[in-house]
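>>> need a 3D model of the following:
(one chain, ligands or ions: 1)
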Amino acid sequence: MDNKVGIIMGSDSDLPIMKEACDVLEEFGISYEIDIVSAHRTPNKMFNYYKRALDSNIKVIIAGAGGAAHLPGMVASLTDLPVIGVPIKTKSLNGIDSLYSIVQMPKGVPVATVAINGSENAAILAAKILATNDKNILNKLTEFRSNQNDQVIKKSEQLQK
Ligand code: RP5
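Numbering: from 1, shown residues only. Sure thing, here's the model as predicted:
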């Protein structure tokens, strides 16, 4: 079975942002499972998610949540898998609430927090974690970095003309 990334989010309203992580993982040819798991509205599903993750060969979890964004931290407290938290931008506080909720974890329960709405970076980070044990993903990451470098150099050269 392929190593997978588990993508979860607190609400379907997070989906447009979390979909960007799916697109990146597809570019890298990485399998993933995606679901809605709410820390507050479906607590039992959240408590059981780590078992499902292990059964599905999930090696990294990306968890997006907004507002009182407890999902990434709670999932991190229940599993030894690495958890990457994506703070979702909110209408009332622009996602500062989400960011602080996710990043300010107590010692002993780390969540790797990306920028507000930074789900693409969450996917790249997940790819890097899987690449420590997967040459194909590593090669794709190297190509991605090289393309990124070339694009910026090209823009810079155009600017100098
Ligand atoms: C969080 O509450 C979700 O992650 C979402 O970002 C936020 C708002 O959820 P909805 O009211 O849009 O369902 O749990």
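>>> contact residues of the chain facing the ligand?
Counting by C-beta under 6 Å from any ligand atom, the residues of the chain close to the ligand are M9, G10, S11, S13, D14, S38, A65, G66, G67, I88. In this view, the C-beta of every residue, glycine as well, is placed from N, C-alpha and C.
>>> output these as CSV; include the columns secondary structure and distance to G118.
Below are the residues of the chain next to the ligand laid out as CSV (DSSP: H, G, I helix; E, B strand; the rest coil; distance: C-beta to C-beta, whole Å):
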residue, secondary structure, distance to G118
M9, strand, 14
G10, coil, 16
S11, coil, 18
S13, helix, 17
D14, helix, 13
S38, coil, 21
A65, strand, 13
G66, strand, 13
G67, coil, 17
I88, strand, 10
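>>> just how off-centre is the longest helix along the chain within its chain?
Longest helix of the chain, by residue count under DSSP state H: helix 135-160. How far helix 135-160 lies from its chain's middle: 22 Å, per C-alpha atoms, centre = their mean, to the nearest Å.
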